[in-house]
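Asker: Starting from these lines, generate the structure:
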Amino acid sequence: MNRLLSLLLALLVPLAAHAQDGGVRKPVTLLISIDGFRADYLCRGITPNLSRLAAGGAHGKLRPSFPTKTFPNHYAIVTGKRPDNNGIVGNNMIDPRRAGVKFSLGEPKQSLDPFWWDEAEPAWVTAGKAGVRSATMFWPGSEVAIDEARPADWLRYDEHVGYAQRVNTILDWMRRPADIRPAFVTLYFEAVDSAGHEFGPDSAEVNAAIAEVDAHIGELVAGLAKLGQPVQMIVVADHGMRAIDASRVIQLADLIDLPSIIAVETGPYAAIEPAAATDNRVHDALLKPHEHMRCNRREELPKRLHYSQNPRVAAIICIAEPGWTILAGSPTWPVRGGAHGYDNQDPQMLALFIASGTGLKGDVGIVDNIEVYPLLMSLLGVTPLASDAAGVLISRAAPPSRGSTRPGR
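Answerer: So this is what the prediction gives:
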């Protein structure tokens, strides 16, 4: 009897939703981030749901923007602008307009301040201005009132919110009446990145995290199907992951007295500002050749990095050889497991890309992650703002099914 009731409910729920919308549900555009999901993780044979989406749609490898860190690249994906132009130039950064203040992930007073984010407008703000309702189940920047606007539905990031709850929240949003149902939704998973940092990219723990996230994406796909909810899905990652260990360390204290520098960021790359009244000592010490890292004035970085114009980019940028770690004194975290932040041409920094129901088909190859933005806006039916993207993905996709394009700002 219970089994029969379950079967009847499974049939009636999508029918009820179908009737609620006057016959046809409009597709929801779903942008999913799996933080730290290196592109080649998809080849490990442990992702049946993601692999099914890739086989039925499109897949490829996203080249992250430099620096290959979480916040700069999540913002690049939803603005189409590289960090130099979107203003989020690192997970940690300083701004000459705010002396003595530092943006960091662990400092909500700064990380949630619009001052840091309003150099670019993310997709949910532009969509909202065009009348497209958005909802974010976590995404860097979505908690901030950018241009005095947030998604219609958003949540404060909390890693303790379980993945089943995240999926069920999205499904609940899809059960709403059509006039308050979001047309654009983001979803974020951090487990693969966390396991990669602690245990390394080739660990059993990373494989377990990959399989866990894949299972929850399968639950989401199945839940949407039961609701009769069409979906245009883009699954991305912000960066890859590379193994590190304490035997491969570059110690800045061996090159310069640490009181002479402000180490804004250390790790696979270092962002360094000379302290006041240091003359040329810092430049003389760091800009000479070194084993396992290269340092440049920001204006002399390779042009391909697109990382030299924003005043938040530190005066000196040092990039470690893949697998090496730059430190300034004793580390505040163990040098083991995995890390990201290396040159974005490092193959192990390449990130996942899958598109399902978007008009894209097959292997799209290696694509800069800023190219996701115009594809996303096309699926939403909203004119994108000017960006650094060239439209590589959108040129390969069939026209979206949503109809006429609504202008952005």
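
Asker: and C43, how many neighbours?
Answerer: 9 (other C-beta atoms under 10 Å). In this view, the C-beta of every residue, glycine as well, is placed from N, C-alpha and C.

Asker: R156 is in contact with E143, isn't it?
Answerer: Yes. R156 lies in contact with E143 (C-beta atoms under 8 Å); the separation is 5.7 Å.

Asker: Neighbour count for those two, which is higher?
Answerer: Using other C-beta under 10 Å, the more surrounded residue of R156 and E143 is E143, with 19 against 10.

Asker: Any idea what V235 is bridged to?
Answerer: I32, I354 (DSSP bridges).

Asker: List the contacts of it.
Answerer: Counting by C-beta atoms under 8 Å, 6 or more residues apart in numbering, V235 touches 32-34, 50, 53, 217, 352-356.

Asker: E205 in helix, strand or coil?
Answerer: helix (DSSP: H, G, I helix; E, B strand; the rest coil).

Asker: Tell me the one among the contacts of V235 nearest to P259.
Answerer: S33 (38.9 Å; C-beta to C-beta).

Asker: so how far is D343 from the closest one?
Answerer: 22 Å (C-beta to C-beta, to the nearest Å).

Asker: try D147
Answerer: 33 Å.

Asker: So those two - more neighbours on which side?
Answerer: Just comparing D147 and D343: by other C-beta under 10 Å the higher neighbour count belongs to D343, 19 against 16.

Asker: Model confidence for K109, exactly?
Answerer: Per-residue pLDDT puts K109 at 89.

Asker: So what's the residue count around it?
Answerer: K109, neighbours per other C-beta under 10 Å, totals 8.

Asker: Repeat that for V392.
Answerer: V392, neighbours per other C-beta under 10 Å, totals 15.

Asker: Might one say that it is in contact with E371?
Answerer: Yes. Checked against C-beta under 8 Å, the pair V392 and E371 is within contact range at 4.7 Å.

Asker: Show me which helix or strand of the protein is least confident by mean pLDDT.
Answerer: One helix or strand of the chain scores below all others by mean pLDDT, DSSP states H and E: helix 2-20, with a mean of 41.

Asker: Please, which helix or strand holds the closest residue to G218 other than its chain neighbours?
Answerer: Once flanking residues are discounted, G218 sits nearest to N49: 3.6 Å by C-beta to C-beta, 6 or more residues apart in numbering. Using DSSP states H and E, N49 falls within helix 48-56.

Asker: ok, now V89?
Answerer: Using DSSP H and E, V89 sits within no helix or strand.

Asker: which residues touch it?
Answerer: Neighbours of V89 in contact, by C-beta under 8 Å, 6+ apart: 67, 72, 83, 307, 310, 312-313.

Asker: Can you tell me which of those residues comes closest to A328?
Answerer: Once C-beta to C-beta is applied, the member of those that ends up nearest A328 is P67, at 16.3 Å.

Asker: before we move on, the earlier item: in contact with the residue nearest to G218, which residues are there?
Answerer: So N49 contacts 214-215, 217-218, 221 (C-beta under 8 Å, 6+ apart).

Asker: Just the buried residues out of the residues you listed, in ChimeraX syntax.
Answerer: This is the ChimeraX syntax for the buried subset of those, where burial follows 16 or more other C-beta atoms under 10 Å:
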select :214,217,218,221
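
Asker: any chance of the contacts of N49 in TSV, with secondary structure too?
Answerer: Listed next are the contacts of N49 as TSV, based on three-state DSSP:
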residue	secondary structure
D214	helix
A215	helix
I217	helix
G218	helix
V221	helix
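
Asker: Now render the contacts of N49 as a markdown table, adding distance to Y41 and pLDDT.
Answerer: Compiled in a markdown table, the contacts of N49 are given as follows (distance: C-beta to C-beta, whole Å; pLDDT from 0 to 100):
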| residue | distance to Y41 | pLDDT |
| --- | --- | --- |
| D214 | 10 | 98 |
| A215 | 15 | 98 |
| I217 | 13 | 98 |
| G218 | 16 | 98 |
| V221 | 19 | 98 |
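
Asker: Could I get the contacts of N49 in a markdown table, plus columns for distance to N207?
Answerer: Compiled in a markdown table, the contacts of N49 are given as follows (distance: C-beta to C-beta, whole Å):
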| residue | distance to N207 |
| --- | --- |
| D214 | 10 |
| A215 | 13 |
| I217 | 16 |
| G218 | 16 |
| V221 | 21 |
